[in-house]
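Novice: Got a sequence here, can you model it:
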Amino acid sequence: MAETLPPLLLVGCGKMGGAMLAGWREQGLASAVVVEPHVSEALRVLAGQGVTVVPDAASIPAGFSPGVIVFAIKPQEAPAALPAYAALAAGALSISIMAGRSVASMQAALGEGSALIRAMPNTPAAIRQGFTVGFAGPGVTEAQRALADRLLAAIGEVAWVAEEDLINPVTAVSGGGPAYVFLLTELLEQAAIGEGLPPDLARRMARVTVSGSGALLAASSEDAAALRRAVTSPKGTTERALAVLMAEEAWPDAIRRAMAAATARSRELAG
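Specialist: Residues are numbered from 1 along each chain as shown. Now for the predicted structure:
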């Protein structure tokens, strides 16, 4: 039987927070307090099943002492929200999944000695297929990092970086990555309709092509370039399309500029 997780305080329970909470319950979460003013039906069902839902920090039950606090609120809300948790953070491991918020800015609000991990998951966490990259701040012990790894692994794969600034490109590539894949699917569907295919067929074809390609990539030991070349027959239709997409001013330049813009925005959000 899996070891029971320590009491946990989850601050914010939107889509990502909800996905994490569901994963933790499967991992043996015995008790948790969730701070969330806008309670979804799914969260309402969990209330009373080892999960206590409260609207704000002031409503956390007296005597509750979490082993871990996870901050899953919007980064813009952090300056006003974090100080209310400083007393609880003094004896707990804090994990932040807020984009852009630096360890230093969070320690300034929670206390300079607080043990803090900054992590960036992505939305496939909802089906336990996420990818999360973490950075352990000063003072985080090996045992605390191992606990964080277990909590984050409940929603997918986990990797760690040794330099905090690397979380910014992680946010650009992995954090935002699902949106780029969904955009590709959307554009394939629109192009198919533009070429005369019925909308229902275009939608189904685009979705299954993208999801099936992702499954093939996950199952293969070959790199993405090798799989691309395997689809590309010399002088064929795919080669003609790739000549357009891989032109220097097309996808290569667009992807570079997009990732640079997202990385810069992540740094701007740091407090």
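Novice: what's the pLDDT at Leu269?
Specialist: For Leu269, the pLDDT comes out at 80.
Novice: Only the buried residues of the helix or strand of the chain with the lowest mean pLDDT, if you could.
Specialist: Within the chain, no helix or strand scores below helix 41-46, which has a mean of 80 by mean pLDDT, DSSP states H and E. In terms of neighbour count (16 or more other CB atoms under 10 Å), helix 41-46 has its buried residues at Leu43, Leu46. In this view, the C-beta of every residue, glycine as well, is placed from N, C-alpha and C.
Novice: how distant is that helix from the center of its chain?
Specialist: 21 Å (CA atoms, centre = their mean, to the nearest Å).
Novice: The next helix or strand after that helix packs against which elements?
Specialist: Next helix or strand after helix 41-46 toward the C-terminus (DSSP states H and E): strand 51-54. In this structure, strand 51-54 makes packing contacts with strand 32-35, helix 41-46, judged by 3 or more CB pairs under 8 Å, 6 or more residues apart in numbering; DSSP states H and E.
Novice: Using CSV, please lay out these together with distance to Leu187.
Specialist: Compiled in CSV, those are given as follows (distance: least, CB to CB, whole Å):
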stretch, distance to Leu187
strand 32-35, 38
helix 41-46, 32
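Novice: For Thr171, which of these is the nearest?
Specialist: Closest approach to Thr171 among those (CB to CB): strand 32-35, 23.6 Å.
Novice: What pairs with the closest one, parallel or antiparallel?
Specialist: Sheet partners assigned to strand 32-35 using DSSP bridges are listed as strand 8-11 (parallel), strand 51-54 (parallel).
Novice: who's in contact with Ile155?
Specialist: Shown in contact with Ile155 (CB atoms under 8 Å, 6 or more residues apart in numbering): Ala19, Met20, Gly23, Pro121, Ala125, Arg128, Gly130, Thr132.
Novice: So which of those belong to strands?
Specialist: Among the contacts of Ile155, DSSP state E puts Gly130, Thr132 in strands.
Novice: any chance of the contacts of Ile155 in a markdown table, plus pLDDT, neighbour count and distance to Ser59?
Specialist: Converted to a markdown table, those look like this (pLDDT from 0 to 100; neighbours: other CB atoms under 10 Å; distance: CB to CB, whole Å):
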| residue | pLDDT | neighbour count | distance to Ser59 |
| --- | --- | --- | --- |
| Ala19 | 90 | 23 | 24 |
| Met20 | 92 | 26 | 21 |
| Gly23 | 89 | 20 | 25 |
| Pro121 | 95 | 22 | 27 |
| Ala125 | 94 | 25 | 27 |
| Arg128 | 93 | 15 | 30 |
| Gly130 | 95 | 24 | 30 |
| Thr132 | 97 | 26 | 29 |
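Novice: Of the contacts of Ile155, which is the nearest to Val53?
Specialist: Using CB to CB, those come closest to Val53 at Met20, 14.9 Å.
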